[in-house]
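In: just the structure for this:
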Amino acid sequence: MPQVSIIIPHFNRSVLLQQTINSVKAQTYTDWEIIIVDDGSDEIEWERLKTYEEEKIKIYQRTDGTKGPSRCRNIGVSKSKGTYLIFLDSDDLLADFCLGQRVGEIEKDNNTGMAVFLMEEFNDYPGDTKTCFNIDVPFPKLRGLFIQNRNPWNVTCPIWKRDFFEKTGGFDESFLFMEDPDLHLRVLNKAPGNIKICYDKPADCYYRINHIDNTKESFWYHSIFYRIQFYKKITSGAYANDFVISHQQDIRIGVYHLIRTFLYSRKKQFPELYTELIAWMKESRLFSTFEITKFRFLINTGNSASGILQKLRFRGICYKLLPVD
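Out: Numbers count the residues shown, from 1 in each chain. Sure, this is the predicted structure:
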């Protein structure tokens with residue numbers, strides 16, 4: 001029975017983490033280890049976290065200067081011993097049959113380096129929404145969805161063979177957000193033949209959808225900043241020119257989504273991010289001068305402090321005029 005290493009980054013979530021750990025302990029597949037890497041939690045959280053350590057649960061704390069889930073996951077892999085890897089967030093859960101199902105499927109074909117499974121969303125307890133996180137599309141369209149920021153799966157959905165994961169170079173530690181779309185897009189680009197989609201199997205993990213505090217300014221800043229970095233990376237030589245050309249429309253749709261969902265109503269809050277995005281749009285040559293001028297006009301007009309424009313409801317009008325796809 002090969003061992004599965006479950007890597008969990010943690011930051012100030014020790015109460016929720018207990019539920020996550022319990023879901024691993026309930027597995028019918030018994031050869032597992034949990035590697036928790038703390039990202040500099042508050043002292044009271046760190047002290048509580050240390051009480052969770054036992055024979056099959058190892059706890060480490062990141063002590064270097066590189067903060068974020070990417071760094072913690074990479075550290076976790078280096079500390080782990082398993083043949084297979086699963087990346088589990090500290091507020092999500094596994095079904096009790098998860099490890100058995102995943103090991104059984106990935107071992108059916110020696111060519112499979114990564115197998116992807118369904119994830120169900122939940123609010124208070126698994127099964128309370130009956131909605132699936134994953135987007136099921138033909139395999140060739142998966143890259144486009146990640147580029148559009150319509151992620152067809154998230155970080156907990158795959159199981160990895162250790163050597164296959166290590167060949168990817170791991171998580172990009174410069175990303176605090178968007179780190180798993182970046183990783184999965186790289187794998188889809190370089191080794192699509194080694195990925196197995198197992199959507200014919202029941203959902204075996206659960207994504208908590210009600211804990212994020214979207215009112216925090218840092219959430220919105222990072223959501224915008226790292227999406228810009230994601231598109232910068234795609235167009236800065238990390239991928240071949242033919243990749244960028246063939247996915248030009250996907251990149252454009254992703255940027256439209258970024259502007260409509262995150263930046264449009266926060267241009268005054270984060271003017272430096274607005275400036276950075278416009279500068280990249282010019283440099284990328286994926287948008288015409290007319291398109292960029294139109295974007296700037298609509299964003300600036302929609303965020304105008306003019307009382308007349310506000311009375312005329314120009315904010316809503318400008319939003320509706322922004323491109324969708």
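
In: CA only for contacts and neighbour counts going forward, please
Out: Noted.

In: my read is H184 is in a helix, agree?
Out: Yes: membership of H184 in a helix is supported by DSSP: H, G, I helix; E, B strand; the rest coil.

In: for it, what are its contacts?
Out: Applying C-alpha atoms under 8 Å, 6 or more residues apart in numbering to H184 gives the contacts F146.

In: helices of the protein, start to end?
Out: Assigned by DSSP state H, the helices in the chain fall at 14-25, 43-50, 69-79, 98-106, 142-147, 162-167, 179-190, 217-233, 241-246, 248-258, 271-284, 289-302, 307-311, 314-321.

In: mind putting these in TSV, mean pLDDT and distance to D124 included?
Out: Below are those laid out as TSV (pLDDT from 0 to 100; distance: least, C-alpha to C-alpha, whole Å):
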stretch	mean pLDDT	distance to D124
helix 14-25	95	11
helix 43-50	95	22
helix 69-79	97	24
helix 98-106	98	20
helix 142-147	98	28
helix 162-167	97	32
helix 179-190	97	25
helix 217-233	95	22
helix 241-246	92	41
helix 248-258	97	29
helix 271-284	97	35
helix 289-302	93	37
helix 307-311	59	40
helix 314-321	84	34
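
In: can you put those helices in CSV and add distance to D200?
Out: Converted to CSV, these look like this (distance: least, C-alpha to C-alpha, whole Å):
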stretch, distance to D200
helix 14-25, 23
helix 43-50, 37
helix 69-79, 28
helix 98-106, 11
helix 142-147, 17
helix 162-167, 23
helix 179-190, 20
helix 217-233, 31
helix 241-246, 30
helix 248-258, 27
helix 271-284, 39
helix 289-302, 42
helix 307-311, 51
helix 314-321, 39
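
In: how about those helices, which one is nearest G113?
Out: helix 162-167 (5.4 Å; C-alpha to C-alpha).

In: what comes into contact with that closest one?
Out: Residues contacting helix 162-167 (C-alpha under 8 Å, 6+ apart): 82-85, 113-114.

In: closest to G100 among the residues you listed?
Out: For these, the nearest to G100 is Y84 (11.8 Å; C-alpha to C-alpha).
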